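1. Please find the sequence and the predicted model below.
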Amino acid sequence: MTWLYRLLIRTCVPLAFVYLWLRGAKAPAYRRRWRERLALQAIPIQARHGLLIHCVSVGETVAARQLIERLLQQYPSLPVTLSSMTPTASELARSLFGERVHHLYLPLDTPAAMQRFFNKLAPRAVVILETELWPSLLQQATRRDVPVILLNARMSEKSERTYHKYGWLLGPIWQQLTWVGAQNESSYERFRGLGVGTERIGVRGNLKFDSQAPAELLAEAATLKHQLQRPIVVAASTHNGEDEIVLAAYQKLLHSQPDALLILVPRHPERFAEVASKVEATGFALVRRSSGQLPQPKQQVWLGDSMGELLLWYAVADVAFIGGSLITRGGHNPLEPLATNTPIVTGRHVFNFADIFERLERVQAVRWAEDAKELAECWQQLLTDDDLCFQMQRAATEEFAQDQGATAAMLTDIDQLLVNDEQRPNGTELKSAMELNSMKNIATYSPHKAAEVWYDRRVFDSFENDFFSAEYWRQKGKIKGSATGRSTAWFIDNGEQGMLLRHYYRGGLVGKVNKDRFAREVVSNSRAMAEFELLLQLRERDLPVPKPLAARFERARIWGYRADILVETIPHTQDVFRLLGQRSLTSEEWFSIGAVIRQFHQQGVYHSDLNCHNVMLDKLGKVWLVDFDKCELRPTGEWQQDNLARLLRSLVKETTKAKEASREFHWQEQRDWPQLIAGYDKANKL
């Protein structure tokens, strides 16, 4: 992203809101949810650390429907967020997926808005449908090591020329993509010409070839056809300038098919009222889908003023006309009526889907019309010639039979990101699809206005604010021990679920005057919540860390906040500091400690306080790391050796303190440290 793009996009923000306001004159939804356009809204924590899928508008959402359904089935615990740019796509997403996905508008591509967006949503991966690329989005993803893949990607000659022309403005957007799944060979070559390396691109086909009508939808369509008992034609996705042609063609059709029903489905919801007025002005009796009533025999036009039902209208109809083709709009997707075995009539302006229509024409599976007269004749012919309809349906089915499978191929691409993502710098390996420890399982609770609590709903049926009070557990006789360091942490006996309660304190000189207040920040970035989320991610990667149970953020009076965390205790463990006070560790134990630290480093885990108090061994000799306050995931760097040096300093420091206090501390640097380094180096070679 260039400095000029940053300047230009900021300048365009006021113009974007002017456009939304003007567009809202016909479609009021454009004047709503403006905070989302700048990422100023609250995003539920249950959506964090999930998969972000961006479908700019209705067409991309429809194309991705089966892919999203498969993802929801395969990853039931993974939060899925669906973003779009238009109210129609938003409404469609909600009608198709309901509460199973979180929907929002993708914010305007300013650096500040995208930074807020990524801070709040913190996606683990981004999937973009077709070619909706935004430089600030890609920059934020790159900075945070979030993989971005472009699927169902198509690139026309015109678009390629445009991207080449303005490459100086957009910056290296193509080099920031993790993977590109191109629709066909021609798009593949154009993406290559824009700078996408061969190792980051493949041909995956077109999701729209996988369009299928769900069995329940076909059953609903069959019921409607039985109830209506009339010849039915549908004019789908019509635009301004086409409605009059369609209505004129329908008027002509009525001469030979007086009981025919026209289902008229405008492309944009803001035109529903306008089209209804046009229908009534022609003298046709009208019924709206939104009324909930079925057309009566004397009613001639059924207005499809609803969202997400286009496939149903195709399934109900005997013949389909695809809009956007009698004017120079470029047509719409013909694969949807093919999925319902509905014969197709279209105008000649179909350049948006030229390849598909050429193939349909080649096998005589489409009929063409240029005006009302030809459209009426095509409808009449297909309504009365069952053999012709059957031949068209069979020809289309056979033509595209070999083109299916894009959904499965793209699902595999996403699997590579979520389960075994070898392309990311840190080479992270995640658990299986059924074991993702996502925020989807975390509940929120506000005991009062100044506090917010996160807790694992799989552990707690309900939660009380007192759970963060050591006195509460002491009164119940549940305190079974403590650990001291900068402050006291309490071990709690809660049946099968042993817990460690820790309050966050300041250290150093600051801690002498400010014991436990931290500068105010967004809740998700606060000390306890950040550690809580990090532990979830580390456990997902099979790293030996305690399970997070609950975290609390509480605003303090006047200034700052305080924080607490509850984690699961690791049974039968002792930290290295205590063990060295009792005995020497074996060579195998030092070797294991080094190997585990290397395992964390290979996963990019920076432990800000790696010392002998935070390295634990259980009774089976397994090594654990604890206390991940102020820790984070980082790219490979010098910090890894600094981590080891910090651990070494802590061991040397405790040795000195033990000598001064005349107590045992079984550590010898020349004997023990080489064994730890050997384990660290051996793990690196493996």
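-> Everything's here; your move.
2. so what pLDDT did residue 522 get?
-> pLDDT recorded at residue 522 is 88.
3. low pLDDT regions in the stretch 551-686 of the chain?
-> Applying pLDDT under 70 to the stretch 551-686 of the chain picks out residues 684-686.
4. where do the helices sit along it?
-> Secondary structure of the stretch 551-686 of the chain, counting by DSSP state H, counting those that start in this stretch: helices at 576-582, 587-602, 639-660, 669-685.
5. and the longest one, what does it pack onto?
-> The one in question is helix 639-660. If contacts are counted by 3 or more C-beta pairs under 8 Å, 6 or more residues apart in numbering; DSSP states H and E, helix 639-660 sits against helix 576-582, helix 587-602, helix 669-685. Bear in mind the C-beta positions are built from the backbone N, C-alpha and C, glycine included.
6. Most tightly packed of those?
-> Counting by mean count of other C-beta atoms under 10 Å, helix 587-602 has the highest mean neighbour count of the helices and strands packed on helix 639-660, with a mean of 20.
7. so what does that helix touch, helix or strand wise?
-> Short answer (3+ C-beta pairs under 8 Å, 6+ apart): helix 587-602 packs on strand 615-618, strand 623-625, helix 639-660, helix 669-685.
8. tilt between that helix and helix 639-660?
-> Comparing the axes of helix 587-602 and helix 639-660 via axes from the mean of the first three to the mean of the last three C-alpha atoms, to 10 degrees yields an angle of 140 degrees.
9. got the angle for helix 587-602 vs helix 669-685?
-> Going by the same axes, to 10 degrees, helix 587-602 makes 50 degrees with helix 669-685.
10. quick one: contacts of helix 587-602?
-> Applying C-beta atoms under 8 Å, 6 or more residues apart in numbering, the external contacts of helix 587-602 come out as 426-427, 543-544, 576, 585, 607, 610, 615, 617, 621-623, 625, 640, 643-644, 647, 672-673, 675-684.
11. How far off centre is it?
-> 35 Å (C-alpha atoms, centre = their mean, to the nearest Å).
12. Ok, stretch 340-355 next?
-> 32 Å.
13. Am I right that residue 576 is in contact with residue 617?
-> Yes - with contact defined as C-beta atoms under 8 Å, residue 576 reaches residue 617; the gap is 7.0 Å.
14. Find the residues that touch each one of the two.
-> In contact with both residue 576 and residue 617: 585, 593, using C-beta under 8 Å, 6+ apart.
15. Name the spans of the stretch 351-500 of the chain whose pLDDT lies under the cut-off.
-> 419-437, 484-487.
16. which residues in it form helices?
-> Counting by DSSP H, counting those that start in this stretch, the helices of the stretch 351-500 of the chain are 354-362, 372-384, 386-399, 406-418, 470-475.
17. And these: which comes nearest residue 504?
-> helix 470-475 (13.9 Å; C-beta to C-beta).
18. hmm, back to that, closest to residue 295 out of the helices of the stretch 351-500 of the chain?
-> Taking those one by one with C-beta to C-beta, helix 372-384 is closest: 17.1 Å.
19. what residues does that closest one touch?
-> Residues outside helix 372-384 that contact it (C-beta under 8 Å, 6+ apart): 231, 233, 245-246, 248-250, 252-253, 256-257, 260, 318-319, 321, 326, 343, 345, 367-369, 388-389, 392.
20. Emit the ChimeraX select command for whichever of the residues you listed are buried.
-> Applying 16 or more other C-beta atoms under 10 Å to the contacts of helix 372-384, the buried members can be selected in ChimeraX as follows:
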select :231,233,245,246,248,249,250,252,253,257,260,318,319,321,326,343,345,367,368,369,389,392
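21. So which of the contacts of helix 372-384 are in strands?
-> Within the contacts of helix 372-384, residues falling in strands by DSSP state E are 233, 319, 321, 345, 367-368.
22. quick one: the most far-flung residue of the chain relative to its centre and residue 578, what's the gap?
-> Residue farthest from the centre of the chain, counting by C-alpha atoms, centre = their mean, is residue 662 at 57.9 Å. Per C-beta to C-beta, to the nearest Å, residue 662 is found 18 Å from residue 578.
23. I'd like to know which elements the helix or strand hosting residue 149 is packed against.
-> Using DSSP states H and E, residue 149 sits in strand 148-153. Judged by 3+ C-beta pairs under 8 Å, 6+ apart, strand 148-153 is in contact with strand 125-129, helix 135-143, strand 179-182, helix 406-418.
24. The ones you listed into TSV, with extra columns for distance to residue 164 and mean neighbour count?
-> Listed next are these as TSV, based on distance: least, C-beta to C-beta, whole Å; neighbours: other C-beta atoms under 10 Å:
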stretch	distance to residue 164	mean neighbour count
strand 125-129	20	25
helix 135-143	16	21
strand 179-182	17	25
helix 406-418	26	19
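25. Indicate which one of those is closest to residue 172.
-> Closest approach to residue 172 among those is made by helix 135-143 (8.7 Å; C-beta to C-beta).
26. Contacts for that closest one, please.
-> Residues contacting helix 135-143 (C-beta under 8 Å, 6+ apart): 1-2, 5-6, 9, 106, 109-111, 113-115, 117-118, 126, 146-148, 170-171, 173, 176-177.
27. Among these, filter down to the buried ones and hand me the PyMOL syntax, if you would.
-> Here is the PyMOL selection string for the buried members of those, based on 16+ other C-beta under 10 Å:
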select buried, resi 1+5+6+9+106+109+110+111+113+114+115+117+118+126+146+147+148+170+171+173+176+177
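28. Spell out which residues make up each domain of the chain.
-> 3-167, 215-403, 437-568, 573-685 (automatic domain parsing).
29. Present those as TSV; the columns should include distance to residue 181.
-> Output for the domains of the chain, formatted as TSV (distance: least, C-beta to C-beta, whole Å):
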stretch	distance to residue 181
domain 3-167	4
domain 215-403	14
domain 437-568	24
domain 573-685	26
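30. right, and these - which one's nearest residue 197?
-> Proximity to residue 197 (C-beta to C-beta) singles out domain 3-167 among the domains of the chain, at 13.4 Å.
31. end to end, how far does that closest one reach?
-> Domain 3-167 has its terminal residues 13 Å apart, counting by C-alpha to C-alpha, to the nearest Å.
32. Determine how far that domain lies from the middle of the whole chain.
-> That offset, for domain 3-167, works out to 9 Å (C-alpha atoms, centre = their mean).
33. Over to stretch 650-663?
-> The answer for stretch 650-663 is 51 Å, by C-alpha atoms, centre = their mean.
34. which residues are contacting the strand holding residue 149?
-> Residues from elsewhere that reach strand 148-153 (C-beta under 8 Å, 6+ apart): 60, 63-64, 67, 125-131, 133, 137-138, 141, 176-183, 187, 191, 204, 206-208, 406, 410, 413-414, 417.
35. One more: stretch 21-38?
-> Here stretch 21-38 makes contact (C-beta under 8 Å, 6+ apart) with 13, 16-17, 20, 41, 87, 90-91, 104-105, 107-108, 110, 113, 116, 268-271, 274.
36. Could you do stretch 40-54 as well?
-> With C-beta under 8 Å, 6+ apart as the criterion, stretch 40-54 contacts 33, 35, 64, 68, 71, 75, 78-84, 102, 104, 106, 116, 120-129, 132, 414, 418, 438-440, 442, 444, 454, 524, 533, 536-537.
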